[in-house]
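Asks: Predicted model follows, preceded by the sequence.
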Amino acid sequence: MTESEDSPALIVQTEQWEEGDSPYLSLTSRDLSNLADVMADLLASVGVKAKDRVLIYDFNTSISTLAMSRVFTPGLSEGVCERLECIAICTDGLSELAARSAYTFGLWQPEVLLIRSELASPFLAKLQGRSLQEADPNLRTVVAIHNDVVAWPRQIGLGPGRFEKRILCRVDPALFMCLVKPCGGIYYPRGRYRVDLDPESGTRLRVAPAFSPGRGTLVSNLEATAGGKDCGCGEGHEFVTEAPGF
Ligand SMILES: [Zn+2]
């Protein structure tokens, strides 16, 4: 009996409670695990088996929904889906983004993954020891999306693999998006943006959307130098950055 099993893992508002009591139901991991046992037993007894697709239409805080899958219920390590190897469809559960994304990634094995760069580590953790390639043999391209509000990373941390690795940087207030090419060159559609080096720092990219002139110019955290013919790839990227490791 570990402490974590008995600590509240999830607190939900219930539809039914005793007079004078709280309408909130506090559930430990042990509670959730027991609920999953019960629900798996009940569903197995009506013939639910591996690969069955189970669609649920119920409130997301009902104990039967909470029991269904670890993807939807924080604090539940093995739900009905994991026990019976059935697939829950569209449960209106309490999503935990990392778990849900990793689960869906393994299930659909997509060709392309777009993932916010600082979520690399929680995402990999939910793959439970498998690499991206092992979890998804179809994977062809991974685009790590870097939001400029976070410091420019040295390492993304998605690990090696035989897929194309790309970094997309976005500066939301300036509606700016660019790709960092393997040469370090910064690619964006010419004509859509006005881009230069901020004269004050001399190293930060200053961006403005040409298609939304009222928005003004923004100094990003993206550090770059002038590239031109020297960028090395032959594409003549105007600006070059030190691309983070993948
Ligand atoms: Zn280049």
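Replies: Alright, I've got the coordinates. As the structure is a prediction and not an experimental result, all values here were calculated from the model. Numbering: from 1, shown residues only.
Asks: Report the contact partners of the spatially closest residue to Glu111 that is not a sequence neighbour.
Replies: Excluding the flanking residues, the one nearest Glu111 by CB to CB, 6 or more residues apart in numbering is Arg140, at 4.6 Å. In this view, the C-beta of every residue, glycine as well, is placed from N, C-alpha and C. Taking CB atoms under 8 Å, 6 or more residues apart in numbering, we find Arg140 in contact with 111-112, 163-164.
Asks: now these in TSV, with neighbour count and pLDDT?
Replies: Below are those laid out as TSV (neighbours: other CB atoms under 10 Å; pLDDT from 0 to 100):
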residue	neighbour count	pLDDT
Glu111	11	94
Val112	13	92
Phe163	19	93
Glu164	12	92
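Asks: Kindly reformat these as CSV containing distance to the ion.
Replies: Output for the contacts of Arg140, formatted as CSV (distance: CB to the ion, whole Å):
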residue, distance to the ion
Glu111, 25
Val112, 22
Phe163, 21
Glu164, 16
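Asks: State the number of residues packed around Val48.
Replies: Close neighbours of Val48, defined as other CB atoms under 10 Å, add up to 17.
Asks: Can you verify my assumption that it contacts Leu55?
Replies: No. Assessed by CB atoms under 8 Å, Val48 is found out of contact with Leu55, at 11.9 Å.
Asks: Below-threshold pLDDT in the chain: ranges please.
Replies: Counting by pLDDT under 70, the chain shows low-confidence ranges at 1-4, 90-93, 229-230.
Asks: which residues of it fall in strands?
Replies: With strands called from DSSP state E, the chain shows them at 8-13, 24-28, 53-55, 87-89, 112-116, 141-147, 164-171, 176-180, 186-187, 193-197, 204-209, 218-223, 225-226, 239-240.
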